[in-house]
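[1] Task: produce atomic coordinates for the following.
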Amino acid sequence: MDLARPDLRPDPSLSRGEMEALQRDIAAAAVFADDGAPDPVAVAVDEGASLADGLPPARSDAQERLGAGAGPADAEPQGGGEDAPTVVGVDQAFLTGRGEGRPDAAVSAAVALRGGTVVEYASATTPLSIPYVPGLLAFREGEPILAALDALDADPDLLVCDGSGRIHYREAGLATHVGVLRDVPSVGVAKSLLCGEPDEPTDERPEGWRTPIRADHAVETAEPGTVIGHAFQSRQYPNSRRVNPLYVSPGHRVSSETAVALVAALCAGYKLPEPTRLADAHAERAKRDAE
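    Numbering: from 1, shown residues only. Presented below is the predicted three-dimensional model:
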């Protein structure tokens, strides 16, 4: 698929100052309001897949039309069928320390779900150009993710990225960068808070709890107090309350409120939303195959 904004492609050869300037351009191009994002009800996953015996098989278009499973033991689809929005989760694993002549690489995985059922897996293995630098993740992982998305036949109606969107020093995290490049609604789901301040303390919260994250002095491109995302307690143990919240933010063409509603609809009893939970497992499977 052609990029909507090829001029904003994450070039790892840029200087740090040039990367940060490009991120400001990304933030200026991003739409942090609902613009074509699917309804959370339309993408809801009722029951997450068990990974005890590996990833679930992908369900073909023909099987969707016929209402048939991918195998005799498969459950019926959760709803929506081929007319449901396509949600694509992306995540990565890394091949490092492989010895002389074998450079470090990213194994990027994309998993497409429709009606709560996997319809396609794709992956791509690409060299890693730069080390991890907080705030510049898209310049390390953006191109590998674009390669995995290019390997998909399915066109996403929503991207769910393992990483930040608007919760970012320049409102241009990985989910925002990729969303703007592809001009597709996108959401970032991070496990730690990069910047911003929650309205309420986040420790030991019950399942379903959420609170806004507001821009603080670390966010260069937003007025202090602007809502840039939410802390969301997607899962919690009833007694010990040891599970930390997720940090959910809009990437592109999604509001902060809709972003957290979409993630809540996709979590299906697990901490991570189903698209990125499966993408994580698929990335690890592809990594084993590449080693």
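[2] What is the neighbour count of residue 59?
    Under the neighbour criterion other C-beta atoms under 10 Å, residue 59 is assigned a count of 22. In short, each C-beta sits where N, CA and C put it, glycine included.
[3] ah, wrong one, I meant residue 148
    For residue 148, the number of neighbouring residues by other C-beta under 10 Å comes to 28.
[4] One more: residue 203?
    Burial of residue 203 is recorded as 8 neighbouring residues (other C-beta under 10 Å).
[5] now do residue 101
    5.
[6] That one and residue 233, how far apart?
    Per C-beta to C-beta, to the nearest Å, residue 101 is found 46 Å from residue 233.
[7] next one: residue 157
    Distance from residue 157 to residue 233, counting by C-beta to C-beta: 26 Å.
[8] so where do the strands sit in this structure?
    86-95, 105-114, 117-127, 158-162, 186-190, 197-198, 210-214, 227-232, 246-252 (DSSP state E).
[9] would you list the ones you listed in JSON lines and tack on distance to residue 290, mean pLDDT and mean neighbour count?
    JSON lines is the format used below for those (distance: least, C-beta to C-beta, whole Å; pLDDT from 0 to 100; neighbours: other C-beta atoms under 10 Å):
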{"stretch": "strand 86-95", "distance to residue 290": "6", "mean pLDDT": "95", "mean neighbour count": "25"}
{"stretch": "strand 105-114", "distance to residue 290": "6", "mean pLDDT": "95", "mean neighbour count": "27"}
{"stretch": "strand 117-127", "distance to residue 290": "5", "mean pLDDT": "94", "mean neighbour count": "21"}
{"stretch": "strand 158-162", "distance to residue 290": "19", "mean pLDDT": "97", "mean neighbour count": "28"}
{"stretch": "strand 186-190", "distance to residue 290": "25", "mean pLDDT": "98", "mean neighbour count": "31"}
{"stretch": "strand 197-198", "distance to residue 290": "39", "mean pLDDT": "98", "mean neighbour count": "16"}
{"stretch": "strand 210-214", "distance to residue 290": "36", "mean pLDDT": "98", "mean neighbour count": "21"}
{"stretch": "strand 227-232", "distance to residue 290": "33", "mean pLDDT": "98", "mean neighbour count": "26"}
{"stretch": "strand 246-252", "distance to residue 290": "27", "mean pLDDT": "98", "mean neighbour count": "30"}
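[10] of these, which approaches residue 143 most closely?
    Evaluated with C-beta to C-beta, the strands of the chain place strand 117-127 nearest to residue 143, the distance being 6.4 Å.
[11] Pull the distance from the closest one to the chain's centre.
    Its chain's C-alpha centre and that of strand 117-127 lie 13 Å apart, by C-alpha atoms, centre = their mean, to the nearest Å.
[12] So what angle separates the directions of it and strand 105-114?
    Between the axis of strand 117-127 and that of strand 105-114 there is an angle of 160 degrees, by axes from the mean of the first three to the mean of the last three C-alpha atoms, to 10 degrees.
[13] angle of strand 117-127 against strand 86-95?
    40 degrees.
[14] Mind listing residues that contact strand 117-127?
    Applying C-beta atoms under 8 Å, 6 or more residues apart in numbering, the contact partners of strand 117-127 are 49, 55-61, 64, 77-78, 86, 95, 103-113, 143-144, 147-154, 278, 282-283, 286, 290.
[15] Mind listing the residues bridging to residue 187?
    residue 160, residue 250 (DSSP bridges).
[16] List the contacts of it.
    Counting by C-beta under 8 Å, 6+ apart, residue 187 makes contact with 158-161, 165, 175, 248-251, 254, 259, 262-263.
[17] Could you dump these into CSV and include distance to residue 21?
    Listed next are the contacts of residue 187 as CSV, based on distance: C-beta to C-beta, whole Å:
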residue, distance to residue 21
158, 29
159, 24
160, 28
161, 22
165, 19
175, 20
248, 27
249, 21
250, 22
251, 20
254, 25
259, 26
262, 30
263, 30
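[18] Name the nearest of those residues relative to residue 210.
    Within the set of the contacts of residue 187, residue 248 lies nearest residue 210; the separation is 8.1 Å, counting by C-beta to C-beta.
[19] Run a quick check on the closest one versus residue 230, I expect a contact.
    Yes: at 5.2 Å, residue 248 counts as touching residue 230 under the criterion of C-beta atoms under 8 Å.
[20] Overlap of the contact sets of the two?
    When contacts are counted by C-beta under 8 Å, 6+ apart, residue 248 and residue 230 are jointly contacted by 259-260.
[21] What ranges does the stretch 151-291 of the chain have for its helices?
    Listed in chain order, the helices of the stretch 151-291 of the chain (DSSP state H, counting those that start in this stretch) span 174-182, 256-266, 274-290.
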